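> sequence isn't available, so here's the structure alone:
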């Protein structure tokens with residue numbers, strides 16, 4: 001079975017509305033970071049795409065495809081882990097797709 005605690009290419013991310021961890025690329029706004037996100041098929045509040053899990057009607061945080069570097073399934077409950085995993089800081093390779101700006 002695949003190690004659930006590894007980063008994967010965005011092309012393989014589930015688009016069924018389930019919550020996943022994503023690495024947001026570093027940019028002029030700040031360093032790379034990890035967020036909890038999900039795929040939305042679109043509704044009266046916004047278009048189809050990746051949204052931060054803390055989005056709410058009228059306050060939707062959407063991510064453009066190039067902003068997201070890779071994803072990871074939600075980890076299982078682990079009392080030894082008290083924080084999010086670090087963002088992927090490695091070089092972009094064919095294993096982690098998405099275009100950078």
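Done, it's in. The structure presented is a predicted model; accordingly, all values stated were derived computationally and were not measured. Numbers count the residues shown, from 1 in each chain.

> list the buried ones in the longest strand along the chain?
The residue-count maximum for a strand in the chain (DSSP state E) belongs to strand 33-40. Buried positions in strand 33-40, judged by neighbour count with 16 or more other Cβ atoms under 10 Å: 34-35, 37-40. Backbone N, C-alpha and C define where each C-beta goes, glycine included.

> using CSV, lay out these together with pLDDT.
Putting the buried residues of strand 33-40 into CSV (pLDDT from 0 to 100) gives the following:
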residue, pLDDT
34, 93
35, 93
37, 95
38, 94
39, 95
40, 91
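
> could you dump these to CSV with distance to residue 72?
What follows is those, written out as CSV (distance: Cβ to Cβ, whole Å):
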residue, distance to residue 72
34, 8
35, 11
37, 11
38, 13
39, 15
40, 19
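
> between those, which sits nearest residue 87?
residue 34 (5.1 Å; Cβ to Cβ).

> list the neighbouring strands of the longest strand of the chain plus their orientation.
Counting by DSSP bridges, the strands paired with strand 33-40 are strand 20-24 (antiparallel), strand 49-52 (antiparallel).

> who's in contact with that strand?
13-24, 46, 48-54, 63, 68, 74, 84-87 (Cβ atoms under 8 Å, 6 or more residues apart in numbering).

> can you turn the buried part of these into a ChimeraX selection?
Buried residues among these (16+ other Cβ under 10 Å), as a ChimeraX selection:
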select :13,20,21,22,23,24,49,50,51,52,63,68,87
